[in-house]
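> below are the sequence and a predicted model; questions follow.
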Amino acid sequence: MTTCFFRVDFKSFSILMVGRLLGGVATSLLFSVFEAWLIGAHASAGLMSHLGKAFSTAQYGNSIIAIIAGQIANKAANHAEFKPSAEGSGFYTGGYLGPFDVSLVALIVCGLLASALWEENYGESPAENDDDEKAKSSASGALKKAYYTTISNPDILSCGIISSLFEGSMYIFVFMWTPALTTLSKEELGDEFEGLPFGVIFSTFMVCCMAGSSIFSIAMEKLKPEQLAVTVFGVAAFAFAMIVLSASATSTFLAMNLFEMCVGMYFPSMGTMKGMIVPEDKRAAIYNLFRIPLNFIVLFSLLTDLTPCVSFILCGTMMVVATLLQIRLRTRRIGGGN
Amino acid sequence: MTDYNLIFGAVLLFNVAVTFRASSYYKKYFPSPTDATKNTFSDETSTEAKSSEELTPLSGENDGRDSFRDNDKEKNDADLERGGDPPVVSTSVNAASDNAANIRHAQLLRKYLIVYLLAALSDWLQGPYVYALYDAYGYSQHEIAVLFVAGFGSSMVFGSFIGGMADQCGRRKFIILFAVIYAMSCMTKRKFALYSYFSCQMCIVPYLHVSSLTMCHDNMFLSCRL
């Protein structure tokens, strides 16, 4: 009954949609403005030489917070039972809403602390602003230039395709892990199924991601990022094959962890490669260009109602293509062998 | 039955081992032979560089090498006793200002991290349960996909210009705005249920929409004027 009630309830869906759009705005702020403030604060205090240390500490703290957050979310979700407050009513309490309540408290404290502890800082001076506006007015021109640069340089082109393929399969994975694990566990346990500890699962993914970036720094003692990336994409393809072929929740979960480890290795490797391959003067425009195929991959694969199994096959195929392109890129830049 | 806690523990141990291996502590405790020779070599060259820099005015007084192995304080004291040559004084001033800069940086970092990590925490807390929550409300995979794509698209669109807006209007204001917007996003997860309970959905959508718009607008207006 409740299912029917919500399915036909178009208005409540719109409210969820508004929440989702606001969430999107908030994440884009999270990924840009905090960093900008940190750089501004370093510049005004004359501490620019310490910036690298600040970034690496923040990155390290972020990985650890992600792991802890999963555990807290799990506790919060199990704190109270998820149920309507009265029979047939739409007012839900407890359960999966728990993590969102904790998050709300964290945000209020975050906002208060920011207004109490931080001083205001601003971006570029007015003169630079004019330049910025000029750049904006010719944004399409910049994108066109970026397009021709990318098309005429096979290294930049493969870099763009590879990052779209990998990040596309990452978004598919972010969406699909919940239904995939739920379906498998329901099949295994039947009536005994009582929901999964999503927080602990997420936390395990984050641990793997952190391990992946540590493995990257160990591997960099002996390898070049172009060489490591071949292994990363190969292992990711293998992980997706394992997810598709495995029949039990345990082996699927282990394979998912393997993929998360690849994610942890991917970001520093691709960051280093893009840093070397993409020319500095067109960097921002080319990075924006790389996002276009990524958007198409995400839109297509999420909105066409693929089952988890089919979408993981798609991810695996994309990873095989990425591996082949990466082998070609490595050969072009370093030469064969190794 | 999958034991998720066991797997979490095992993976965590693996991570601790790998992260330790990648850290500078590993190199401190288990220097590899090539690293060790490199280190001693660079130490010697730096000592020589120092001695050539700082010893020139004192040349002939003593060998220098041994005193440079002592800690900075003693060295500075000894140098001051010998007459406080200008280059030595300037290096000790540099060292002092370096130290002050380190302390200022630690303070700045502390106040950044406490706010940033709370923001990151609130983001990560929502990650694991978004799909599960929508699923528990009874939405189909397609409807959940539409919601996910909306969030993805909104973050892509706003991400392209919101940084520039924050540069102009003040970054701290935008970080407070971040907390407000994300808190509202959290509340819509619950309010949705609350308002459908009171069945007055007719007014809530425009209300949320308008209030968020006016708030952004007011904030922008204020901050741009100040």
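Alright, I've got the coordinates.
> list the contacts of residue A:178.
With contacts defined as C-beta atoms under 8 Å, 6 or more residues apart in numbering or on different chains, the neighbours of residue A:178 are A:198, B:131-132, B:135. Backbone N, C-alpha and C define where each C-beta goes, glycine included.
> okay, and the helix or strand of chain B with the least pLDDT?
Using mean pLDDT, DSSP states H and E, helix B:201-225 stands out as the lowest-scoring helix or strand of chain B, at a mean of 36.
> packing partners of the strand or helix carrying residue A:290?
Assigned by DSSP states H and E, residue A:290 falls within helix A:283-303. In terms of contacts (3 or more C-beta pairs under 8 Å, 6 or more residues apart in numbering or on different chains; DSSP states H and E), helix A:283-303 is packed against helix A:139-152, helix A:154-189, helix A:308-334, helix B:141-159.
> in the second one, what's buried?
Applying a neighbour-count criterion of 16 or more other C-beta atoms under 10 Å in any protein chain shown, the buried positions in helix A:154-189 are A:155-156, A:158-182, A:184-185.
> and for the first one?
Using 16+ other C-beta under 10 Å as the test for burial, helix A:139-152 gives A:142, A:146, A:149-150.
> what's the answer for the third one, then?
Neighbour-count burial for helix A:308-334, with 16+ other C-beta under 10 Å as criterion, is recorded at A:308, A:311-316, A:318-320, A:322-323, A:325-327, A:329-330.
> quick check: angle from it to helix B:141-159?
Relative orientation of helix A:308-334 and helix B:141-159, computed by axes from the mean of the first three to the mean of the last three C-alpha atoms, to 10 degrees: 40 degrees.
> and chain B, is helix A:308-334 touching that?
No. Helix A:308-334 stays clear of chain B (C-beta under 8 Å from any C-beta of the partner chain), getting no nearer than 8.8 Å.
> need phi/psi at residue B:139.
phi -80, psi 150 (degrees, to the nearest 10).
> ok, it to residue A:179 distance?
Going from residue B:139 to residue A:179 by C-beta to C-beta, to the nearest Å gives 12 Å.
> residue A:145 now?
42 Å.
> what's the answer for residue A:191, then?
19 Å.
> secondary structure class for whatever residue of the stretch 1-150 of chain A ends up closest to chain B?
Across the stretch 1-150 of chain A, no residue is closer to chain B than residue A:123, which sits at 2.3 Å (C-beta to the nearest C-beta). What DSSP: H, G, I helix; E, B strand; the rest coil gives for residue A:123 is coil.
> so what's the spatially closest residue to it that is not a sequence neighbour scoring on pLDDT?
Sequence neighbours aside, residue B:167 is the residue nearest to residue A:123 in space, at 2.3 Å (criterion: C-beta to C-beta, 6 or more residues apart in numbering or on different chains). On pLDDT, residue B:167 comes in at 81.
> where does residue B:167 land in three-state SS?
helix.
> give me the number of residues near it?
21 (other C-beta atoms under 10 Å in any protein chain shown).
> hang on, it packs against residue A:36?
Yes. Here residue B:167 reaches residue A:36: they are 6.5 Å apart, a contact under C-beta atoms under 8 Å.
> overlap of the contact sets of these two?
Common neighbours of residue B:167 and residue A:36 (C-beta under 8 Å, 6+ apart) are residue A:123.
> now the helices for chain B?
In chain B, the helices defined using DSSP state H lie at B:4-22, B:24-29, B:33-55, B:65-69, B:72-81, B:86-126, B:130-136, B:141-159, B:162-169, B:171-197, B:201-225.
> contacting residues for the closest residue to residue B:153 other than its chain neighbours?
Nearest residue to residue B:153 in three dimensions, chain neighbours excluded: residue A:24, at 7.0 Å (C-beta to C-beta, 6+ apart). By C-beta under 8 Å, 6+ apart, residue A:24 lies in contact with B:150-158.
> what residues go with each domain of chain A?
The record's domain split for chain A, according to automatic domain parsing, is A:1-123, A:138-333.
> wait, chain B
Taken from automatic domain parsing, chain B resolves into B:4-103, B:105-225.
> lowest average pLDDT across the ones you listed?
domain B:4-103 - the lowest mean pLDDT of the domains of chain B, at a mean of 61.
> can you give me the end-to-end span of that domain?
One end of domain B:4-103 to the other measures 43 Å (C-alpha to C-alpha, to the nearest Å).
> as a check, name the ranges of all helices in the stretch 1-150 of chain A.
Ranges of helices within the stretch 1-150 of chain A are A:2-7, A:10-44, A:51-79, A:98-117, A:126-137, A:139-152, based on DSSP state H, counting those that start in this stretch.
> surely residue A:120 and residue B:174 touch.
No. Using C-beta under 8 Å, residue A:120 is not in contact with residue B:174; the gap is 10.2 Å.
> between the two, which has more neighbouring residues?
For residue A:120 versus residue B:174, neighbours defined as other C-beta under 10 Å are more numerous around residue B:174 (26 against 14).
> I figured the more buried one hits residue B:164, correct?
No. If you go by C-beta under 8 Å, residue B:174 and residue B:164 don't touch, sitting 10.8 Å apart.
> now do whichever strand or helix holds residue A:266: which elements does it pack against?
Residue A:266 belongs to helix A:249-277 when elements are defined using DSSP H and E. The contact analysis (3+ C-beta pairs under 8 Å, 6+ apart) places helix A:249-277 against helix A:154-189, helix A:198-219, helix A:225-245, helix B:4-22.
> tell me the mean pLDDT over it?
91.
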